[in-house]
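1. What would the 3D arrangement of this be:
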Amino acid sequence: MEIQQRKCQNGKVSVRFIVSDTGIGMSEDFLNRLFVPFEQAGTHISQKYGGTGLGMAITYNLVNLLGGSIDVKSKLGEGTTFTVELSFDLPEDIVDYRTCQLDSLKVLVVDDEEDACIHAGMLLKRMGITAQYTRSGEEAVRIALEAHDAGAGYDVCIVDWRMPCMDGVEVTRKIRETLGSDALIIIISAYDWSEIEEEARQAGADAFIAKPLFESALNNVLVSVFGTNPSSDKPEVPEIDYTGRRFLLVEDNALNMEIAVELLSMTGAEIDSAVNGLEAVERFESSPAGAYDVIIMDVQMPVMDGYTATRKIRAAGHPDAKNIPIIAMTANTFNEDIDAAYAAGMNGYIAKPVDVNMLYQAITAFLKPNPELAQQPHDIR
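-> The predicted structure follows:
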């Protein structure tokens, strides 16, 4: 299955869904009758596979009711391809990338598939960003080094995970070894990156984005890091006063921990830290009642993950076990991840890389006097 973002206009985005198989296919004659109710290519089809011949007629009507289109191409003995195109409303509060000064960014795209490089370049161009691409990991390291030595280093490197010879994790490691922390490195993949997330972050990866690339996902990562002024040394931080508050921050990545502690400390808050879920549970259980106002919990961690740690905290005999607000903090922002966070007993959810405004907004939501407020989920993404 392939999903493509087509165009955005008038508050809507057009998305194309392509489903292909290599099955028995259909004749050109039957294609003309495919969407007619109770039609099948032959009696042997229903005898072998079952069905009533209503499935495609229902699909056709549903697509039309949604204002979309459906197209079918098929050849006997070769397979079939269905293409459905639908329009979806954009959220009213979606960030408009044109209000953010991203056009000064210099971006390098690394992917062994040329079509993927071209697609990423097209999305970046619509955001006002001109990108260079290469299909080789070794070439990417060389290009990045030469640009850095020439005083024109890249601000962002978008690197595919699975590539021949040198994969995305190794490319990330080589770039970090050569250039340090100057560039944002985003790993993209059509696969589940959870199995390499820890290794990739240790190598120096800052963020992960799923394929196929969508303009909104790419824009959100860039805006969350560079904000409205990518040339400034520090993001603009709102005036927040957490003096007298105490937070437990749980994060296994040393760099992420350092950044989060700095952002929270500048508000006057006192920060306790833990590097895995087990340590967080032990700190919480040994603390006196009312010791912590909020727990900020990473999800993917060694020893004990954030979900397990949250369940253990909720089941503990501590006076605050049921009421302490726990906010998930992770790069995985799919609906199933959000559902898993709430199912584990978490109250809120913020995405990595962490946007300082979203971080403060999530925490502030649980510092109001009403204790019942802390029991309500706050989906902060």
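
2. Report the buried residues of the helix or strand encompassing residue 175.
-> For residue 175, the host element (DSSP states H and E) is helix 168-179. Buried residues in helix 168-179, counted by 16 or more other Cβ atoms under 10 Å: 168-176, 179. Quick note: C-beta positions are derived from backbone N, CA and C, even for glycine.

3. Report the distance from that helix to the chain centre.
-> 21 Å (Cα atoms, centre = their mean, to the nearest Å).

4. strands paired with the very next helix or strand once past that helix, and their directions?
-> Using DSSP H and E, the helix or strand that follows helix 168-179 in sequence is strand 184-189. Strand 184-189 pairs in its sheet with strand 156-160 (parallel), strand 207-210 (parallel), by DSSP bridges.

5. Can you give the contact residues for the helix or strand that strand 184-189 is followed by?
-> Using DSSP H and E, the helix or strand that follows strand 184-189 in sequence is helix 197-203. Contacting residues not belonging to helix 197-203 are listed as 161, 168-170, 172-173, 176, 187, 193, 208, 252-253, 256, 300, 302, 331 [Cβ atoms under 8 Å, 6 or more residues apart in numbering].

6. how about 6 Å then?
-> Helix 197-203 has contacts (Cβ atoms under 6 Å, 6 or more residues apart in numbering) with 169, 172-173, 187, 253, 300.

7. Could you save those residues as a markdown table and add columns showing distance to residue 32 and pLDDT?
-> As requested, those are exported to a markdown table (distance: Cβ to Cβ, whole Å; pLDDT from 0 to 100):
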| residue | distance to residue 32 | pLDDT |
| --- | --- | --- |
| 169 | 50 | 93 |
| 172 | 52 | 94 |
| 173 | 56 | 92 |
| 187 | 46 | 93 |
| 253 | 58 | 87 |
| 300 | 51 | 89 |
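
8. ranges for the helices of this protein?
-> For the chain, applying DSSP state H gives helices covering 28-31, 43-49, 55-65, 114-126, 137-149, 168-179, 197-203, 215-226, 254-265, 277-285, 306-315, 335-344, 356-364.

9. Which of the ones you listed comes out lowest on mean pLDDT?
-> Here those differ in mean pLDDT, and the lowest is helix 43-49 at a mean of 52.

10. Could you name the helices and strands sitting against the helix holding residue 175?
-> Contacts defined by 3 or more Cβ pairs under 6 Å, 6 or more residues apart in numbering; DSSP states H and E place helix 168-179 against helix 137-149, strand 156-160, helix 197-203.

11. Ok, which of those comes nearest residue 214?
-> strand 156-160 (13.2 Å; Cβ to Cβ).

12. State the mean pLDDT of that closest one.
-> Mean predicted lDDT for strand 156-160 stands at 94.

13. Return it as PDB; C-alpha atoms alone will do.
-> Only the C-alpha atoms of strand 156-160 are listed here, as PDB (Å, rounded to 0.1, in the frame of the first residue of the first chain):
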ATOM      1  CA  VAL A 156      19.500  19.800   8.400                       C
ATOM      2  CA  CYS A 157      20.300  16.300   7.200                       C
ATOM      3  CA  ILE A 158      17.300  14.000   6.300                       C
ATOM      4  CA  VAL A 159      18.700  10.500   6.200                       C
ATOM      5  CA  ASP A 160      16.900   7.300   5.100                       C
END
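
14. who's in contact with that strand?
-> 105, 107-111, 168, 171, 183-188.

15. of these, closest to residue 59?
-> Using Cβ to Cβ, the contacts of strand 156-160 come closest to residue 59 at residue 188, 31.2 Å.

16. okay but that closest one is in contact with residue 209, surely?
-> Yes. Here residue 188 reaches residue 209: they are 5.0 Å apart, a contact under Cβ atoms under 6 Å.

17. and those two? which has more neighbours close in?
-> residue 188 (24 against 19; other Cβ atoms under 10 Å).

18. any idea of the angle the helix holding residue 175 forms with strand 156-160?
-> Put simply, helix 168-179 runs at 150 degrees to strand 156-160, going by axes from the mean of the first three to the mean of the last three Cα atoms, to 10 degrees.

19. mind giving me the domain ranges of the chain?
-> 2-89, 97-226, 246-379 (automatic domain parsing).

20. for the shortest one, the distance to its chain's centre please.
-> Averaging C-alpha positions (Cα atoms, centre = their mean) puts domain 2-89 29 Å from its chain's average.

21. cool, stretch 117-131 as well?
-> That offset, for stretch 117-131, works out to 19 Å (Cα atoms, centre = their mean).

22. Only alpha carbons, please: show it as PDB.
-> The C-alpha trace of stretch 117-131 is given here as PDB (Å, rounded to 0.1, in the frame of the first residue of the first chain):
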ATOM      1  CA  CYS A 117      14.900  12.200  -2.900                       C
ATOM      2  CA  ILE A 118      12.800  14.000  -5.500                       C
ATOM      3  CA  HIS A 119       9.700  13.800  -3.400                       C
ATOM      4  CA  ALA A 120      11.500  15.200  -0.300                       C
ATOM      5  CA  GLY A 121      13.000  18.000  -2.400                       C
ATOM      6  CA  MET A 122       9.500  18.900  -3.700                       C
ATOM      7  CA  LEU A 123       8.100  19.100  -0.200                       C
ATOM      8  CA  LEU A 124      11.000  21.300   1.000                       C
ATOM      9  CA  LYS A 125      10.700  23.500  -2.100                       C
ATOM     10  CA  ARG A 126       7.000  24.200  -1.300                       C
ATOM     11  CA  MET A 127       8.200  25.300   2.200                       C
ATOM     12  CA  GLY A 128      10.600  27.700   0.500                       C
ATOM     13  CA  ILE A 129      13.700  25.500   1.200                       C
ATOM     14  CA  THR A 130      16.200  24.500  -1.500                       C
ATOM     15  CA  ALA A 131      17.700  21.100  -0.800                       C
END
